[in-house]
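K.L.:
I would like to see how this sequence folds:
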Amino acid sequence: MVEKYSIRTDLALEDKERFEEENVEVQGVVLEEEYDEEWEVKTTTVRIQTENGAKTMGKPAGTYITMEAPNMAVPDEEYHSEISEKIADCIKKLMNGKNCKKRGEDWSVLIIGLGNRNVTPDALGPYVADNLNITRHIVKEYGKYAMGKEEVTLISALVPGVMAQTGMETVEIIRGVVKETDPDVIIAVDALAARNSKRLNRTIQIADTGINPGSGVGNHRNAITQESVGVPVIAIGVPTVVDAATIVNDAMENLMEEMEHSEALKGVGVVLQGYHAAEKYELVRELISPHLNGMFVTPKDIDDTVKRISFTISEGLNMLFAGKEPAE
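P.N.:
Predicted coordinates:
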């Protein structure tokens, strides 16, 4: 029954939670958790190790690191600086695990800001690119000693826009840039969709499996993966939207909790509790108005939040590649 329904989310953690709610054990999927009490950051690593696990989860085999930081939506510079360090550490781990290899004298990293700059919830990637410390052109022109360091990472950035703006698949543009610049690794940054509204702008997912631009809002484009572009791809994403069905589903869950304390409505609550989480979500999708079915919702302070989080991510990237090798 679980396989019949799918709840729209880009987070591997939420897919794993869905099966745990249904008491379904997914073979070939390993979950590890750690919690930083000082900064209140929960880091969950989901490793999809087999093809069967990938098929069940609906995501490619690989490693997905999810950081849940409830205070990330708050403008606290010290807190965001700590998150930047954690982002740098996670990317470094994935690059080591992905066996990214330096093919030239220095590392060459292409960072891609996916999304539409003109649509704020989708502008995370372009905003990250705006704040990067770009070095490739300087090193190519004047040599790495112009940076004042023995070892330099050549950072280049690309904001390919969306198909409606360019008429081209994003992966086509990236293939062309990869052919010309020959980077060692690609880091793609994009906005995601979540199932749980509490995770909006408070969660960062970093994966070594690449990314499908636009998949969160049902706008499926060709995947950007090592197989499709020829170099390892690490994806960084932050959920900035949820669909309308998720909002209604969360409201229904709260209603069911209230029903448990009401004698008059307890019977109705018992009936709804018999539904699996995915079945309740599908029921909500069928009940809400058709014009709401394709609606996505974002917090009202999304303008400030996306700018703040994009800076946090770019600082993590700048921190990692500031003249140091990403692998130990």
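K.L.:
show me where the protein has helices.
P.N.:
Ranges of helices in the chain, per DSSP state H, are 12-21, 51-57, 77-97, 124-130, 136-142, 163-166, 170-181, 226-229, 244-259, 266-273, 277-287, 302-320.
K.L.:
and stretch 31-46, end to end?
P.N.:
5 Å (Cα to Cα, to the nearest Å).
K.L.:
residues in contact with that stretch?
P.N.:
12-13, 16, 29-30, 47, 63-71, 79, 82-83, 86, 90 (Cβ atoms under 8 Å, 6 or more residues apart in numbering). For glycine as for every other residue, the C-beta is placed from the backbone atoms N, C-alpha and C.
K.L.:
quick one: residues contacting residue 299.
P.N.:
Here residue 299 is in contact with 200, 201, 305 (criterion: Cβ under 8 Å, 6+ apart).
K.L.:
okay but the last one is in contact with residue 73, surely?
P.N.:
Think residue 305. Yes - at 5.8 Å, residue 305 and residue 73 qualify as touching, with contact defined as Cβ atoms under 8 Å.
K.L.:
returning to what we had before: turn the helices of the chain into CSV, columns for mean pLDDT, mean neighbour count and distance to residue 42.
P.N.:
Output for these, formatted as CSV (pLDDT from 0 to 100; neighbours: other Cβ atoms under 10 Å; distance: least, Cβ to Cβ, whole Å):
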stretch, mean pLDDT, mean neighbour count, distance to residue 42
helix 12-21, 69, 20, 10
helix 51-57, 85, 16, 20
helix 77-97, 92, 18, 11
helix 124-130, 96, 25, 21
helix 136-142, 88, 13, 36
helix 163-166, 86, 12, 36
helix 170-181, 94, 16, 31
helix 226-229, 92, 16, 29
helix 244-259, 70, 16, 20
helix 266-273, 57, 12, 27
helix 277-287, 65, 17, 21
helix 302-320, 94, 21, 17
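K.L.:
using CSV, lay out those helices together with distance to residue 206.
P.N.:
Compiled in CSV, the helices of the chain are given as follows (distance: least, Cβ to Cβ, whole Å):
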stretch, distance to residue 206
helix 12-21, 11
helix 51-57, 17
helix 77-97, 5
helix 124-130, 13
helix 136-142, 23
helix 163-166, 25
helix 170-181, 19
helix 226-229, 16
helix 244-259, 23
helix 266-273, 35
helix 277-287, 26
helix 302-320, 10
